[in-house]
Every structure is written in structure tokens, then in C-alpha cells.
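In: Okay, here's the prediction I keep looking at, along with the sequence it came from:
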Amino acid sequence: MRYLVLTVLVFVLFAVQAPVVRAVGWGALSVDVALLAVLYLAATSPPFGGFVTSVLIGLVADSFTPGGILGMNMEVMGIVFLVGRGLADHLPVLRAIPLMLAVIVCMVTKTLLVFLLSIVFDRDFTQYVAALLNALPHILTTTILAPVFVALFHWADRRGRGRRPVGTLLR
């Protein structure tokens, strides 16, 4: 149930963030909600369930990426989950400073993976320098706001785990 709650929360956050960022014109200052959710899953979930949910969150991110390569975010989020899992084994990732450090590592990993996969699979990708320069404010915004979003994921996760069905359908 918790995986469904977190995936739906990521979908809602994407659905709210996309039009607001586009209307204001702050595309480079958007928060990478998918990466933060995957990092939260890496710190709090068993490997199989967290990995599958991370790939599904990547699919949600693919659906909100216009003109992107379908499946690229799925693959990247799977790899980011594994990197986050490794970081979570050595750092208390759910605390503010280690979280921000882990976000920087995961954002740089994601940026490089997206950059390399775009070079390999997208024939029209020619703006190398612009893509890397646009990633810097995105990385900084995501890093600064990471504790807020991870607290939101933790709150939703507690709510999802805390509620038990009052009556079952089959007795």
C-alpha cells in the first residue's frame, strides 16, 4: 500500500508542479520530485519493492517529460535507486545534511546518465553545453528543497502505513 501511496503522491506533485513552473517560467528551478521519492525509497524500503516502485516512478516521470525518450527515466531511476541504496547503507540519509549530500550525488549521477543516454539514443540532441548548464540550478533547487519533500514523503508514508481497513471485503 505504501508504494502505491508514494507513487500517487509523486504523480500529484508532478501534476501540480508542471503547469506552475511552466506558467511562471522557472523551468530550470523545478524540483526533481521523482529523484527525491526514489532516494526516500532507497533509504526506507526493502530492495525489491523499492526498486520496482522506483522504476514505476520513472515511468511517471517519463509521462511528464514532453519529447523525451520513453523509458529513459525508468532506467535512470532504477540506477539512482541502487546508488541511493548504497549511500543509505553508509549515511543517515533521512537527516538534512546527509540527505542534501546524497541528493547532490544522485542528481549529478542522474544528470550524467540522462546526458549520456541522450547522446546515444537521441539523434536531435545537440545542445550539450546548454543541457549541462541548465542542470546546475535544477540540482541546487532540488538539493535545497530536499528536506521539505522528504518530510512530505515520510508524512504520506506514515499515513499510508497507519491506516488499516475498518472492515474487510471478504471475511
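Out: Right, received. Where do you want to start?
In: Could you report the distance from residue 148 to residue 141?
Out: For residue 148, the distance to residue 141 (C-beta to C-beta, to the nearest Å) stands at 11 Å. (Each C-beta comes from the backbone N, C-alpha and C, glycine too.)
In: Those two: which is more packed in?
Out: Neighbours of residue 148 and residue 141, each counted by other C-beta atoms under 10 Å, are more numerous for residue 141; the result is 17 against 10.
In: Could you measure from that one over to residue 28?
Out: Distance from residue 141 to residue 28, by C-beta to C-beta: 8 Å.
In: now swap in residue 46 and tell me
Out: 35 Å.
In: ditto for residue 68
Out: Counting by C-beta to C-beta - residue 68 and residue 28 are separated by 16 Å.
In: just residue 9 next, same as before
Out: Applying C-beta to C-beta, the value for residue 9 to residue 28 is 24 Å.
In: So if I had to pick from the two, which one is more boxed in?
Out: Between residue 9 and residue 28, counted using other C-beta under 10 Å, the more crowded position is residue 9 (21 against 15).
In: can you pull the pLDDT of that one?
Out: Note on residue 9: pLDDT of 93.
In: what's the answer for residue 30, then?
Out: So, for residue 30, pLDDT stands at 86.
In: which residue packs closest to residue 107, ignoring adjacent ones?
Out: residue 139 (4.4 Å; C-beta to C-beta, 6 or more residues apart in numbering).
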